[in-house]
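S.K.: Pasting the sequence and the predicted model now:
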Amino acid sequence: MTDARDPIALAQALIRCPSVTPEEGGALVLLSGLLKDAGFETHIETFREEGTPDVANLYARIGTEEPVLLLAGHTDVVPPGDLANWSSGPFDGEIRDGILYGRGAVDMKGGIAAMMAAALRYRDGGGTGSIAFLITGDEEGPSINGTPKILKWAEDKGETFAHCLLAEPSSRNRIGDEIKIGRRGSLSGQITVHGVQGHVAYPKQAHNPIKPLMAILSALVRPLDYGTPHFERSNLEITSVDVGNETTNIIPAKATARFNVRFNDAHTLDSLKALLTDRIERAVEGVRYELDFLRGSSSSFIAEPGAFVDMITGSIEAETGDRPVLSTGGGTSDARYIKDHCPVVELGLTNATMHKIDEQVPVDDLELLTRVYMRVIERYFAKAEAAKASEPVVESTRLAQISAEGDLEAALEAALNAEAERREDAAEAAAEALDRSRA
């Protein structure tokens with residue numbers, strides 16, 4: 001049986017589950033069983049939507065009190081490619097010279113193994129607090145039946161999260177040299193310009209759509225901004241231009257281009273769409289075109305530097321001696337969905353070999369990352385316990401204040417009553433004296 005407290009053995013076992021998106025491959029079943037044995041309540045939920053593959057997702061939790069620390073990741077992996085190019089089977093989980101090889105070793109079965117080992121070691125050591133795992137099988141795919149739906153499922157059951165640690169491979173050259181405290185937004189679009197097909201020798205009888213499309217693309221690639229405090233400049237890349245023309249003597253009837261924008265917090269999705277639309281209108285006024293923004297867009301977000309980020313950077317420094325760079329670069333991740341439920345920070349293995357042939361991770365890195373995760377968990381719940389411990393003191397202080405305020409109010413009321421009685425007695429005495437003088 002796999003030892004869930006050993007990140008190396010657990011990473012090997014996960015790699016041996018061929019969970020290429022959207023296949024579960026046995027990975028979630030393995031994790032669910034190990035977490036259940038450790039006292040977690042576990043659920044494997046499969047979601048479906050027309051036109052997309054069914055996807056299994058795992059949710060597990062231990063503890064009933066607040067706050068809840070969410071540990072998240074994905075077990076699905078990209079295809080291995082040509083098997084002949086691998087030095088060992090991509091799903092063998094082989095260790096050679098202190099290096100673990102296999103698809104998902106870095107992205108992100110190794111990170112999940114370290115995260116689970118840390119959580120269980122923490123609990124075995126008497127640690128308390130509520131920990132939840134949210135593991136999807138649809139991060140490398142369309143991301144429709146994965147994290148967004150298991151989050152909605154959890155929300156409908158009343159589950160709430162205070163913070164999230166995501167096991168994305170964020171490190172560059174060594175464990176913890178970089179963490180991601182946010183991500184740029186992503187917006188994809190397609191432009192189709194309509195013309196009139198004709199013979200190239202008779203251009204006046206046709207209308208070439210490529211020329212206005214070139215004007216549109218020139219307008220779109222102009223700078224969108226100049227960066228913000230936590231983000232680099234937004235960037236638009238043209239990813240394809242197609243006219244479907246196999247000959248050189250025909251002016252095409254239409255021309256299509258696709259683009260993607262990775263944008264910072266100077267824009268929202270709506271404001272960016274409006275900006276791009278305006279640029280197109282100005283570039284080709286009067287030309288017939290269609291602009292479609294494609295499914296899968298996401299907004300930029302950031303976990304503002306503060307107590308949670310400091311806790312993570314401090315844990316990394318305690319284990320490695322170095323403080324990490326706080327980054328918002330790179331592509332998208334499931335953090336774009338989690339950020340709608342709680343602040344999320346990404347911390348994981350080095351990312352140099354993810355998605356590559358012979359994806360690999362040093363086994364020492366798995367142990368080091370496990371120790372970093374465990375420090376984060378320990379500090380997180382130590383702070384939570386300290387906050388709870390201070391509550392009775394605060395309450396007692398407030399009660400004493402209320403009591404003092406009550407005593408003061410009672411004393412003031414007594415003084416006012418005494419003054420009123422004194423004045424009433426004086427008035428009665430004056431009245432009596434007046435009556436006697438008249439008599």
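M.R.: Ah, there it is.
S.K.: residues touching the nearest residue to residue 375 once chain neighbours are set aside, list them.
M.R.: Closest residue to residue 375 apart from its sequence neighbours, by CB to CB, 6 or more residues apart in numbering: residue 315 at 3.8 Å. Using the backbone N, CA and C atoms, a C-beta is placed for each residue, glycine as well. Counting by CB atoms under 8 Å, 6 or more residues apart in numbering, residue 315 touches 372, 375, 376, 379.
S.K.: Roughly how far does residue 360 sit from residue 106?
M.R.: When distance is defined by CB to CB, to the nearest Å, residue 360 is 7 Å away from residue 106.
S.K.: and the two? which has more neighbours close in?
M.R.: residue 106 (27 against 22; other CB atoms under 10 Å).
S.K.: How about the contacts made by that one?
M.R.: Contacts for residue 106 (CB under 8 Å, 6+ apart) come out as 169, 348, 349, 350, 351, 352, 353, 354, 359, 360, 361.
S.K.: any idea which element it lies in?
M.R.: Using DSSP states H and E, residue 106 sits in no helix or strand.
S.K.: Residue 211 now?
M.R.: Assigned by DSSP H and E, residue 211 belongs to helix 210-220.
S.K.: any chance of the contacts of residue 106 in a markdown table, plus pLDDT, secondary structure and distance to residue 261?
M.R.: Shown next, in a markdown table, are these (pLDDT from 0 to 100; DSSP: H, G, I helix; E, B strand; the rest coil; distance: CB to CB, whole Å):
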| residue | pLDDT | secondary structure | distance to residue 261 |
| --- | --- | --- | --- |
| 169 | 97 | coil | 24 |
| 348 | 98 | coil | 26 |
| 349 | 98 | coil | 29 |
| 350 | 98 | strand | 28 |
| 351 | 96 | coil | 23 |
| 352 | 96 | coil | 26 |
| 353 | 97 | coil | 28 |
| 354 | 97 | coil | 23 |
| 359 | 98 | coil | 29 |
| 360 | 98 | strand | 33 |
| 361 | 98 | strand | 32 |
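S.K.: Nearest to residue 89 among those?
M.R.: Nearest to residue 89 among these is residue 359, at 12.1 Å by CB to CB.
S.K.: ok but the residue nearest to residue 375 is inside a helix, no?
M.R.: Yes. Assessed with DSSP: H, G, I helix; E, B strand; the rest coil, residue 315 lies in a helix.
S.K.: Quick one: neighbours of residue 29, just the number.
M.R.: Residue 29, neighbours per other CB under 10 Å, totals 14.
S.K.: Could you do residue 162 as well?
M.R.: Neighbourhood size, residue 162 [other CB under 10 Å]: 16.
S.K.: Domain map for the chain?
M.R.: Taking automatic domain parsing as the criterion, the chain consists of the domains 7-183+300-388, 185-293.
S.K.: Endpoints of the last one, how far apart?
M.R.: Meaning domain 185-293. Length of domain 185-293, first residue to last, CA to CA, to the nearest Å: 14 Å.
S.K.: For this protein, name the helix or strand with the lowest mean pLDDT.
M.R.: Counting by mean pLDDT, DSSP states H and E, the chain has its least confident helix or strand at helix 363-438, which shows a mean of 67.
S.K.: any idea which of the contacts of residue 106 is the one closest to residue 279?
M.R.: residue 351 (33.9 Å).
S.K.: Burial check on the residue nearest to that closest one when sequence neighbours are not counted, number of neighbours?
M.R.: Using CB to CB, 6+ apart and skipping the chain neighbours, the partner closest in space to residue 351 is residue 169 (4.0 Å). Applying other CB under 10 Å, we find 24 residues neighbouring residue 169.
S.K.: Residue 232 now?
M.R.: So residue 232, with other CB under 10 Å, has 15 neighbours.
S.K.: For it, give me its contacts.
M.R.: 264, 328, 329.
S.K.: Correct me if wrong: the first one contacts residue 231.
M.R.: It stands for residue 264. Yes. Counting by CB atoms under 8 Å, residue 264 touches residue 231, with 3.3 Å between them.
S.K.: Mind listing the shared neighbours of these two?
M.R.: 184, 300, 328.
S.K.: Of those residues, select the buried ones using a ChimeraX command.
M.R.: Entered in ChimeraX, the line below selects the buried ones among these, by 16 or more other CB atoms under 10 Å:
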select :184,300,328
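S.K.: Mind putting the shared contacts of residue 264 and residue 231 into JSON lines with secondary structure and distance to residue 203?
M.R.: Shown next, in JSON lines, are these (DSSP: H, G, I helix; E, B strand; the rest coil; distance: CB to CB, whole Å):
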{"residue": "184", "secondary structure": "coil", "distance to residue 203": "42"}
{"residue": "300", "secondary structure": "coil", "distance to residue 203": "44"}
{"residue": "328", "secondary structure": "coil", "distance to residue 203": "48"}
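S.K.: so what sits against both of residue 360 and residue 106?
M.R.: Counting by CB under 8 Å, 6+ apart, the residues touching both residue 360 and residue 106 are residue 353.
S.K.: And the helices in this structure?
M.R.: In the chain, the segments counted as helices under DSSP state H are 7-15, 27-37, 109-124, 147-156, 210-220, 269-283, 307-320, 335-338, 363-438.
S.K.: Mind checking these for the one nearest to residue 66?
M.R.: Among the helices of the chain, the nearest to residue 66 by CB to CB is helix 363-438 (8.2 Å).
S.K.: Which positions in the helix holding residue 211 come out as buried?
M.R.: For helix 210-220, by 16+ other CB under 10 Å, it's 210, 212, 213, 214, 215, 216, 217, 219, 220.
S.K.: again with stretch 150-166
M.R.: 150, 151, 153, 154, 159, 161, 162, 163, 164, 165, 166.
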